[in-house]
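[1] starting from these lines, generate the structure:
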Amino acid sequence: MLTVSAMLAIAFVGPARAGEATPIEATGATIRPSFSPDRLGVKAAFTFAVHFTGGELGVPSPVRKAVVHLPPGLMMDIPRLRICTRARLQAHGASGCPTRSEVGRGRALGDVHAGEGVESEEVDVSAFVGPPQGANPTIEILGQGYTPLEKRVVITGTALPDQAPYGEKLVMSIPAIPTIPLEPNASTVSFSLTIGGAAFRKHNPNTVLLPSHCPTGGFPFAAEFTYEDGSTSSTTATVPCP
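    Modelled structure (predicted):
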């Protein structure tokens, strides 16, 4: 058994006066966690979605660090533990990992500056059990884009004990994603990752176990993000008790 740990208030600058530069909305984000099926004590899929807003030309500042706080008792059931390393993912992609090391799949949308315009890129996301760091479990998150940029990015998340009302926090450092010369790094606009669920049951039994007890007020989640421009944002969300 492994505990689950795989990705926010908006500040706004008032309208510009005549002759002033157009103000830039600070980057912020919202999170949306969910379970399917949403019943206590069952095997389920856990989806964690993030949406970023703000930034110059509506392109959010790239995320460089993320801390996601998870409710107590949320567990990963991995009957036959297999791991995949960051180096193998970076070299070979998802096909280079053992099938039973995969625990999740999802999608992301990124924005890339191209001169005076902005181009969007859809990214395939996969999550794998990574090698533990001491006593702390890790998850390796692979992002694979194809057009307009063919890029492969691997993010390592380390699960650490957290303070109440949370059980664990997933700490991730996100590398810069270069685009084309003299243009800013790529930015994430949205990210959604589903851990476990029916997609893994036929050939891969890895899934999520929901707690048998729901805290008063529901399952709490929170996240803090640090952006490339030095700004930060945070947010919370709650999944109501079934």
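[2] contacting residues for the closest residue to Asp77 other than its chain neighbours?
    Using C-beta to C-beta, 6 or more residues apart in numbering and skipping the chain neighbours, the partner closest in space to Asp77 is Leu209 (5.0 Å). Placement of C-beta: from N, CA and C, glycine included. When contacts are counted by C-beta atoms under 8 Å, 6 or more residues apart in numbering, Leu209 touches Met1, Gly41, Val42, Lys43, Ala44, Leu74, Met75, Met76, Asp77.
[3] try it again at 7 Å.
    The contact partners of Leu209, by C-beta atoms under 7 Å, 6 or more residues apart in numbering, come to Lys43, Met75, Asp77.
[4] secondary structure added to those, as TSV?
    Formatted as TSV, the contacts of Leu209 follow (DSSP: H, G, I helix; E, B strand; the rest coil):
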residue	secondary structure
Lys43	strand
Met75	strand
Asp77	strand
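[5] ok, Asp162 - how many residues close by?
    When neighbours are counted by other C-beta atoms under 10 Å, Asp162 registers 19.
[6] distance of it relative to Glu168?
    5 Å (C-beta to C-beta, to the nearest Å).
[7] swap in Ile195?
    For Ile195, the distance to Glu168 (C-beta to C-beta) stands at 13 Å.
[8] and these two? which has more neighbours close in?
    Ile195 (24 against 21).
[9] is that one bridged to anything, and to what?
    Using DSSP bridges, the beta-bridge partners of Ile195 come out as Phe46, Gly104.
[10] just checking, Arg64 touches Phe225?
    No: Arg64 lies out of contact with Phe225 (C-beta atoms under 7 Å); the separation is 8.5 Å.
[11] which of these two has more residues huddled nearby?
    For the pair Arg64 and Phe225, the greater number of neighbours falls to Phe225 (28 against 17), based on other C-beta under 10 Å.
[12] what bridges to that one?
    Phe225 forms beta bridges with Ala66, Ser233, as assigned by DSSP bridges.
[13] which residues touch it?
    By C-beta under 7 Å, 6+ apart, the neighbours of Phe225 are Leu8, Ala29, Val63, Ala66, Thr232, Ser233.
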